[in-house]
Every structure is written in structure tokens, then in C-alpha cells.
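*Asks:* give me coordinates for this.
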Amino acid sequence: MIWLVLIAILAAIIALPYVLEARRSDPDPREATGQFAELSQGRTHYQWIGPVRGPVVVAIHGLTTPLDVWEGVGRGLAGFGYRVLVYDLFGRGWSESVPGRQDAEFFVQQLEDLLEDQGLTDDVTLVGYSLGGAIATAFGARHPERVTRVILLAPAGLDMEEDPVHRFMRLWPVVGDWLHGVYEPVRMRAAILLGKDPNADVPDMDVVQLRETGRKGFFPAVLAGRRGLLATRLVEEHKRLGREDVPVVAIWAADDKVIPISGLGSLAQLNRNARQEVVEGAGHGMIYTHAKAVLEVLRDVLRESWGSR
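*Replies:* From the prediction side, this is the model:
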């Protein structure tokens with residue numbers, strides 16, 4: 001009898017992350033703020049911000065923050081006269097959850113498909129935040145003729161801090177999957193609540209982030225991104241952007257504990273032509289905590305003639 005009890009307890013422990021995932025909700029498209037495009041990999045939620053005419057900026061969010069993260073910077077760019085296209089990566093916001101490895105090819109395909117769906121054949125400016133910075137870099141390196149400039153905000157793909165627990169979850173399938181399913185929801189919710197900034201330029205980002213933790217497919221997508229593109233150092237991609245003379249601007253957060261400021265030096269070695277700026281007093285969430293400071297840098301960057309191709 002005791003063995004049956006122990007087996008039942010063990011089975012419950014093994015099943016725990018899968019039970020937790022099954023209890024989460026599918027995103028309700030009726031609550032979406034934008035529109036949907038049926039792309040080759042799945043349904044993608046997108047939104048246009050700003051005027052109906054003007055140069056196009058495509059803004060790409062990070063690993064865990066959906067398109068809402070662009071509320072401040074995106075609307076600021078629209079105020080500069082840009083048409084801003086924002087979209088949810090697969091498994092985030094209201095975009096469909098898609099199984100499989102989320103590597104560079106995966107994310108670039110989604111962006112290629114979305115640009116085609118929206119009829120965007122002219123050059124665009126890519127603005128990528130965190131994981132989105134790695135996506136913008138990968139896309140720009142593959143299609144340098146299609147980008148006016150690449151703007152990277154606290155970009156992944158160069159230097160990155162990774163604690164031992166996340167490293168273990170990334171490197172070890174099965175056991176890592178189980179641990180991620182049990183540990184990461186608790187850790188992430190605690191980090192969101194403890195990290196809330198009452199003076200942030202974009203309020204209620206904590207509400208948006210907490211909403212994400214309750215949607216089905218979100219945590220598998222986060223792990224797939226960690227094992228995919230986030231595990232890749234984009235050395236050749238940055239070199240190619242330099243060789244192809246694609247204007248690159250990188251804006252770093254001085255107090256970033258996720259993407260360290262050492263990435264500034266790494267990028268300088270790979271692309272000597274890249275312009276780099278630092279937002280003092282900002283952490284990794286700078287695009288919603290320090291949106292005004294980011295926009296001040298972007299205003300100068302976008303005014304400069306060297307940035308046009």
C-alpha cells in the first residue's frame with residue numbers, strides 16, 4: 001500500500017507542470033487591441049500606430065513582454081511622423097502558440113511573413129528590444145537591402161547574464177522542462193510584483209506581464225526562446241551589418257542586470273560603425289520605465305542624415 005501511495009505522489013509531482021499549463025487559458029481574440037494575420041507558421045496579432053502615411057518602423061518586443069511594451073516608445077515614434085507596426089511574437093500576447101524551437105529562422109520567418117502580408121516592400125526601420133534586438137539583427141543580416149536602419153534597445157545576441165538555474169533549464173531537456181514549468185511561473189510573478197516601478201513612463205506594465213503568465217503556451221514559448229535564439233551569439237550577423245553598411249544604433253541601459261553594459265564593447269569590436277548610447281539609471285525594462293529618455297536618443301538618431309539609405 002505504501003508503494004502505491006509513493007507512486008501516486010511521484011506521478012503527481014511529475015504531472016504538476018503539465019497540470020498547471022492545462023489550467024491556463026487560451027488568449028481570447030475578442031480582447032485583442034489590433035488585428036490578426038494568418039501567416040505560414042500561425043496566426044499573428046499586430047497593430048499599427050501613427051499616421052497612415054510616412055516611413056515605416058517595425059518594433060519587435062522581447063522574450064516575455066508582448067506588443068503592449070511599445071506603448072510609450074511606439075507612440076513617441078508615431079509622434080515623430082513614423083508609421084509604427086508592432087506585433088506579438090508567437091506564444092505571447094494574442095498571437096498563436098506554435099510548438100518547436102524558437103531560433104533565428106523561426107523568428108525571421110514570422111517577420112518576413114508579416115511584412116509580406118502587410119504589403120511592405122520598401123525599406124523599413126527595425127527597432128528591437130531585448131530578444132527583439134536579436135531578431136532585428138538576424139533579419140537585417142539576412143536582408144540588408146530591406147532595412148533602412150537597425151535600432152537595438154538592450155539587445156540580446158551579444159552579452160547576457162544567465163543564472164545557474166536558468167542555465168540548467170536551458171541545457172537539460174525533460175528535467176529542465178519540468179523545472180521550468182514549476183519554478184519559472186513562481187519566479188516570474190514574484191519578479192514582476194517586486195519590480196513594479198510606480199514612476200514608469202508606461203503604467204500598468206506589471207498588469208500586462210501578469211496577464212501573460214496566465215495564458216496557455218506562454219511558458220513553453222519562453223523556454224523555446226531561451227533554448228533557441230537567446231542561446232545564440234550573433235557574431236557573424238553583426239559583422240555582416242557592418243560590412244553591408246547598414247546603419248546600426250544600440251541603446252543600452254546602464255543598470256541592466258539581464259543584458260549587461262559590456263555588450264557595448266562587444267558590439268564595438270564587431271561593428272565599428274555602430275552608434276551607441278547609454279540611458280543612465282535605467283534597468284532592463286527601460287523602454288517602459290524610461291521611455292522618454294529612449295525617445296530623446298531616438299529623436300536625434302532619426303534626424304541625422306547618416307541614418308538614411
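*Asks:* mind listing what the nearest residue to residue 208 once chain neighbours are set aside touches?
*Replies:* Among residues not flanking residue 208 along the chain, residue 68 sits closest, at 4.6 Å (C-beta to C-beta, 6 or more residues apart in numbering). C-beta coordinates here come from the backbone N, C-alpha and C atoms, glycine included. With contact set as C-beta atoms under 8 Å, 6 or more residues apart in numbering, residue 68 has these partners: 93, 205, 208.
*Asks:* what of residue 140?
*Replies:* Contacts of residue 140 by C-beta under 8 Å, 6+ apart are 126, 147, 150, 237, 241, 246, 248.
*Asks:* next: residue 263.
*Replies:* 155, 158, 159, 160, 250, 252.
*Asks:* secondary structure and pLDDT added to those, as CSV?
*Replies:* Formatted as CSV, the contacts of residue 263 follow (DSSP: H, G, I helix; E, B strand; the rest coil; pLDDT from 0 to 100):
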residue, secondary structure, pLDDT
155, coil, 97
158, coil, 95
159, coil, 91
160, coil, 90
250, strand, 97
252, strand, 97
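*Asks:* quick one: residue 198 and residue 120, what's the gap?
*Replies:* Distance from residue 198 to residue 120, counting by C-beta to C-beta, to the nearest Å: 38 Å.
*Asks:* surely residue 292 meets residue 202?
*Replies:* No. Counting by C-beta atoms under 8 Å, residue 202 is not a contact partner of residue 292; they are 10.2 Å apart.
*Asks:* between the two, which has more neighbouring residues?
*Replies:* More neighbours surround residue 202 than the other of residue 292 and residue 202, with 21 against 12 (other C-beta atoms under 10 Å).
*Asks:* count of neighbours near the closest residue to that one other than its chain neighbours?
*Replies:* Using C-beta to C-beta, 6+ apart and skipping residues adjacent in sequence, the residue nearest residue 202 is residue 288, 3.8 Å away. Using other C-beta under 10 Å, the number of residues around residue 288 comes to 25.
*Asks:* just residue 60 next, same as before
*Replies:* 26.
*Asks:* other SSEs contacting the helix or strand where residue 108 lies?
*Replies:* Element membership for residue 108 (DSSP states H and E) is helix 104-117. Applying 3 or more C-beta pairs under 8 Å, 6 or more residues apart in numbering; DSSP states H and E, one finds that helix 104-117 contacts strand 35-38, strand 43-49, strand 56-60, helix 131-142.
*Asks:* try it again with 7 Å
*Replies:* strand 43-49, helix 131-142 (3 or more C-beta pairs under 7 Å, 6 or more residues apart in numbering; DSSP states H and E).
*Asks:* hmm, back to that, measure the residue nearest to residue 202 to residue 131 for me?
*Replies:* In terms of C-beta to C-beta, residue 288 sits 15 Å off from residue 131.
*Asks:* equivalent analysis for residue 117, please.
*Replies:* Residue 117 is 22 Å from residue 131, by C-beta to C-beta.
*Asks:* so those two - more neighbours on which side?
*Replies:* Remark: of residue 117 and residue 131, residue 131 carries more neighbours, 29 against 14, as counted by other C-beta under 10 Å.
*Asks:* surely the more buried one and residue 225 touch.
*Replies:* Yes. When contacts are counted by C-beta atoms under 7 Å, residue 131 is listed as touching residue 225 (6.0 Å).
*Asks:* list residues touching both of these two?
*Replies:* residue 63 (C-beta atoms under 7 Å, 6 or more residues apart in numbering).
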